[in-house]
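In: Sharing a model prediction with you, sequence too.
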Amino acid sequence: MAAAVAQGAAGNNSFKDKEKPMAVRASNILAARAVSDAIRTSLGPRGMDKMIQTPKGQTIITNDGNTMLKDMSVMHPAARMLVDLSAAQDVEAGDGTTSVVVIAGSLLGAAERLLAKGLHPTVISESFQRAAAASVEILHNMSRPINLSDRSTLLQAASTSLSSKIVSQHSGLLGPMAVDSVLKVCDPKTAENVDLRDIRIVKKVGGTIEDSEMVDGVVLNQPVIKSSGGPTRIEKARIGLIQFQLSPPPSQTWRTKSW
């Protein structure tokens, strides 16, 4: 009798040991798919915009997946990987930040169904890698190289990218600005990618999108102090770059200690 009870207890323990990894995998997939489903409705030209309040209290209206994911408080490690995936897509391609997260969520949903059928996670992972390699090969075969000197083709690519953004109706103005600004900071003969940190976007409150312009030079976002009698406009000025702070140092409070 005691042997039978011990055998039954051992069987229950082995069953629990098998159930625990399955529960962990299910929770990881559920958390990642929750992030994917949260931004799925913002995909495409008919996608809905989201109103987000940042931790600093700022309100943002956007349908850009990377912007939404950066301002979301995602704590789960598996869900956090989708945030990093969107950020990597934004750095590498500058577009498709929502699509890559939605595709990843769909693949996780397919993996969940395969796990329910009894397939091992390693087999599913290897199959996904083989499918990814085949997809890359198909995309390379159907792709067409673009010369950076072909401005009309670059404008079409920029307009296509802007068609799903909140400023899609202004693609005729913003598209040429985006193309020209990128061509200004890279060498078309040798460039394979561009560092977007070389392009600065200065936002001004009170204007409209039609007031936007591209400045081929340096924009200093510093107001002019007219009260001191300084000039407000100088033609053909010489600019000096000084590597130390010009503002006065903060006042220091000295404390004395009596013994």
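Out: Nice, I can see it. As the structure is a prediction and not an experimental result, all values here were calculated from the model.

In: hey, let's count contacts and neighbours off CA atoms from now on
Out: Fine.

In: and Ile61, that one's in a strand?
Out: Yes - counting by DSSP: H, G, I helix; E, B strand; the rest coil, Ile61 is located in a strand.

In: Give me the nearest residue to it, chain neighbours excluded.
Out: In space, and not counting its chain neighbours, Ile61 is closest to Met51: 4.5 Å by Cα to Cα, 6 or more residues apart in numbering.

In: what helix or strand is the one you found on?
Out: Element membership of Met51 [criterion: DSSP states H and E] is strand 50-53.

In: and that strand, how far out from the chain's middle?
Out: Its chain's C-alpha centre and that of strand 50-53 lie 16 Å apart, by Cα atoms, centre = their mean, to the nearest Å.

In: buried sites along that strand?
Out: Neighbour counts over strand 50-53 (16 or more other Cα atoms under 10 Å) mark 50, 52 as buried.

In: and it, which strands flank it?
Out: According to DSSP bridges, strand 50-53 has the following sheet partners: strand 59-62 (antiparallel).

In: Give me the contact list for the strand it pairs with.
Out: Under the contact criterion Cα atoms under 8 Å, 6 or more residues apart in numbering, strand 59-62 has outside partners 49-54, 68, 166.

In: if you set the cut-off to 6 Å instead, what comes out?
Out: Residues from elsewhere that reach strand 59-62 (Cα atoms under 6 Å, 6 or more residues apart in numbering): 49-53.

In: Most widely separated two among these?
Out: Farthest pair in those (Cα to Cα) is Asp49 and Gln53. Separation: 13.2 Å.

In: Might you list the low-confidence residue ranges for the stretch 151-259 of the chain?
Out: Applying pLDDT under 70 to the stretch 151-259 of the chain flags residues 164, 245-259.

In: Can you give me the neighbour number for Val218?
Out: 8 (other Cα atoms under 10 Å).
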